[in-house]
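Undergrad: how does the following fold in three dimensions:
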Amino acid sequence: MSFGRLLVHVTNASETGPIQGARVLTMDNHNRILFDHTTDENGMSGYIDLPAPDPALTFSPLTALQGIGNFNVVVTHPNFQQVTVHNVEIIGNKTSYLPVSMYPAINGRTFMEDPPVHNVFIPQRVDPGLGTSQTRG
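TA: Below you'll find the model as predicted:
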């Protein structure tokens with residue numbers, strides 16, 4: 001077993017500046033807290049050393065998934081909406097960089113009750129018989 005490093009950079013999604021004082025929780029896949037950090041004036045968590053399998057396992061197609069450690073990261077701040085990132089991959093003897101953009105809290109709420117709706121892109125296709133674009137639905 002080796003260790004990999006995680007560096008979290010937290011910024012304000014509305015103003016693109018760093019967020020000082022954000023709490024960064026790093027958890028295992030059972031949501032047990034492994035590390036609890038607070039971001040500095042640059043929005044950086046500081047290096048977080050996490051257990052990871054031997055990095056040699058990542059270079060073989062047969063063992064590639066065994067060579068990656070997966071962790072969950074939760075970032076909170078009293079003035080921003082919570083951000084949770086699942087399955088952050090850590091490779092032994094390497095540093096992983098995780099940029100996190102936080103949106104300001106709405107009416108004091110830091111948790112989003114309903115996730116945002118994402119637009120679904122429906123690709124255009126060219127019908128060889130007509131030579132025009134049609135939307136598939």
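Undergrad: where does pLDDT dip in the protein?
TA: For the chain, the stretches with pLDDT under 70 are 1, 55-68, 108-137.
Undergrad: give me phi/psi at Ile19?
TA: The phi and psi values for Ile19, taken as degrees, to the nearest 10, are phi -110, psi 110.
Undergrad: leaving out the residues flanking it, which one is nearest to it?
TA: With Cβ to Cβ, 6 or more residues apart in numbering as the criterion, Ile19 has its nearest non-adjacent residue at 4.6 Å, and that residue is Val10. C-betas here are computed from N, CA, C, even on glycine.
Undergrad: and the helix or strand where the one you found lies, what other elements does it pack with?
TA: Val10 belongs to strand 2-12 when elements are defined using DSSP states H and E. Contacts defined by 3 or more Cβ pairs under 8 Å, 6 or more residues apart in numbering; DSSP states H and E place strand 2-12 against strand 23-27, strand 48-52, strand 68-77, strand 80-91, strand 95-102.
Undergrad: re the thing from before, now the residue nearest to Ile19: how far from Lys94?
TA: Plainly put, Val10 is 21 Å away from Lys94 if you go by Cβ to Cβ, to the nearest Å.
Undergrad: those two - which one has more neighbours?
TA: For Val10 versus Lys94, the count of surrounding residues by other Cβ atoms under 10 Å is larger for Val10: 26 against 15.
Undergrad: in a strand, that's where Glu15 is, yeah?
TA: No - assigned with DSSP: H, G, I helix; E, B strand; the rest coil, Glu15 falls outside any strand and is coil.
Undergrad: distance check, the residue nearest to Ile19 against Gly92.
TA: For Val10, the distance to Gly92 equals 25 Å [Cβ to Cβ].
Undergrad: same check, this time on Ala22
TA: According to Cβ to Cβ, Ala22 and Gly92 sit 27 Å apart.
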